[in-house]
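Q: Pasting a predicted model and its sequence here:
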Amino acid sequence: MSTVQFDGFSRDTFSFFKELSENNDRKWFDGQRDRYQESILAPAQALVETLGKRLARKNPELCYDSRTNGAGSIFRLHRDTRFSKDKSPYKTNLGMLFWFPGEGNKKENPGFYFHLEATGALMYGGLHCLPRDKLASYREAVTDEASGKKLRAILRKLNRAGLETGGSYYKRVPQGYPADHVHADLLRYNALWVRSEKIPKKTAQSGSELLTRCQKFCQAAAPLNYWLLEHT
C-alpha cells in the first residue's frame with residue numbers, strides 16, 4: 001500500500017456522480033475513465049489507507065485494502081444486472097468496506113461501510129444482511145437474557161447519540177419463538193446496522209473533517225460490531 005494522505009474529495013467527485021446518474025451508459029463512461037480515476041478512485045484509495053490505519057489503532061484485527069478490482073475495500077462501480085429489471089451498467093455511488101475477519105466473504109462479516117453519492121456521504125456499522133447460519137446464532141443470542149439485554153443497551157445508547165439503527169424485515173416473530181418475547185422486535189431482524197447522519201458535501205471535501213467524522217462514528221458503532229462478532 002502507498003502512504004498517500006487523504007485530503008478530501010473534490011467538488012468534481014460529486015459532479016461526476018450527478019452526471020453519471022443522468023448519463024448511465026457505457027459510451028459516456030468510456031469518455032470519463034481518466035476523470036473517474038482522478039476524482040473517484042485516487043481519493044477513495046487514500047481514504048481507505050488513511051482511515052483504515054486510524055481505525056486499526058483501536059480495532060487491530062480490522063481489515064482494509066485499497067485495491068480497486070473488487071477484492072479490496074472499494075466496491076466496483078459496475079452493477080450486476082443479470083437478475084435486475086434495471087439494466088443501468090453503473091452504480092451512482094462510491095462504497096467502501098472496512099471489515100472484521102470471519103467465516104464467509106467480507107460482506108458477511110461485521111464492519112464499517114462508507115457510502116458517498118452526489119448529495120453527500122453516510123457511514124454504517126454492523127451487518128447489512130445476516131446469512132442463514134449467522135441469523136440462527138443471532139436469534140439465539142437475542143433470546144439469551146444476558147446477551148439480549150446487552151444488545152438492547154447498545155442500541156439504546158446509539159439512538160440516544162442521534163444515530164439510526166435498524167434491520168427489521170420479517171412481519172412476524174420467526175416460528176419457534178414467542179410472539180410476546182421482550183425482544184420480539186429484534187427477532188424480526190435479518191440485518192443489524194447503525195447509520196450516521198448525512199455527511200454534507202462540504203465536510204467530505206475536507207480531509208481532516210471527514211476523517212474526524214468517520215472516526216467518531218466508528219468509535220460509537222464499535223460495540224455493535226463486537227457484539228455481532230461474539231454472537232454470530
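A: Ah, there it is. Residues are numbered from 1 along each chain as shown.
Q: starting at the chain centroid, how far to the host helix or strand of Thr212?
A: Following DSSP states H and E, one finds Thr212 within helix 207-231. Distance of helix 207-231 from its chain centroid, counting by C-alpha atoms, centre = their mean, to the nearest Å, is 11 Å.
Q: Point out the other helices and strands that it packs with.
A: Packing partners of helix 207-231 (3 or more C-beta pairs under 8 Å, 6 or more residues apart in numbering; DSSP states H and E): helix 42-56, strand 111-117, strand 120-127, helix 132-143, helix 145-160, strand 189-195, helix 201-204. Every C-beta, even on glycine, is put in place using the N, C-alpha and C of the backbone.
Q: so which of those comes closest to Thr232?
A: Smallest distance to Thr232 across the helices and strands packed on helix 207-231 (C-beta to C-beta): 4.0 Å, for helix 132-143.
Q: The closest one to helix 207-231, inter-axis angle?
A: Relative orientation of helix 132-143 versus helix 207-231 (axes from the mean of the first three to the mean of the last three C-alpha atoms, to 10 degrees): 80 degrees.
Q: Which positions in helix 132-143 come out as buried?
A: Across helix 132-143, burial judged by 16 or more other C-beta atoms under 10 Å covers 134-135, 138-139, 141-143.
Q: just stretch 186-198 next, same as before
A: Residues of stretch 186-198 classed as buried by neighbour count (16+ other C-beta under 10 Å): 186-190, 192-196.
Q: ok, those residues vs Asn159, which is closest?
A: Nearest to Asn159 among these is Val194, at 8.9 Å by C-beta to C-beta.
Q: Hmm, that closest one is touching Leu158, no?
A: Yes. The pair Val194 / Leu158 is scored as a contact, 5.1 Å apart, by C-beta atoms under 8 Å.
Q: residues shared between the contacts of the two?
A: Here Val194 and Leu158 have 165, 220-221, 224 as joint contacts, going by C-beta atoms under 8 Å, 6 or more residues apart in numbering.
Q: Which members of the residues you listed are the farthest-apart pair?
A: For the shared contacts of Val194 and Leu158, the maximum inter-member distance is 11.0 Å, found between Thr165 and Ala220 (C-beta to C-beta).
Q: if we can go back for a sec, most neighbours, which of the shared contacts of Val194 and Leu158?
A: Using other C-beta atoms under 10 Å as the neighbour criterion, Ala221 leads the shared contacts of Val194 and Leu158 with 26 neighbours.
Q: Count the residues that sit near Arg156.
A: Arg156: 11 neighbours (other C-beta under 10 Å).
Q: Leaving out chain neighbours, which residue sits closest to Val4?
A: Ala46 (4.5 Å; C-beta to C-beta, 6 or more residues apart in numbering).
Q: Check whether Arg67 sits in a helix, strand or coil.
A: Three-state assignment for Arg67 (DSSP: H, G, I helix; E, B strand; the rest coil): coil.
Q: ditto for the one 3 residues further on
A: Assigned with three-state DSSP, Gly70 falls in the coil class.
Q: In this structure it contacts Arg76, no?
A: Yes. Using C-beta under 8 Å, Gly70 is in contact with Arg76, at 4.3 Å.
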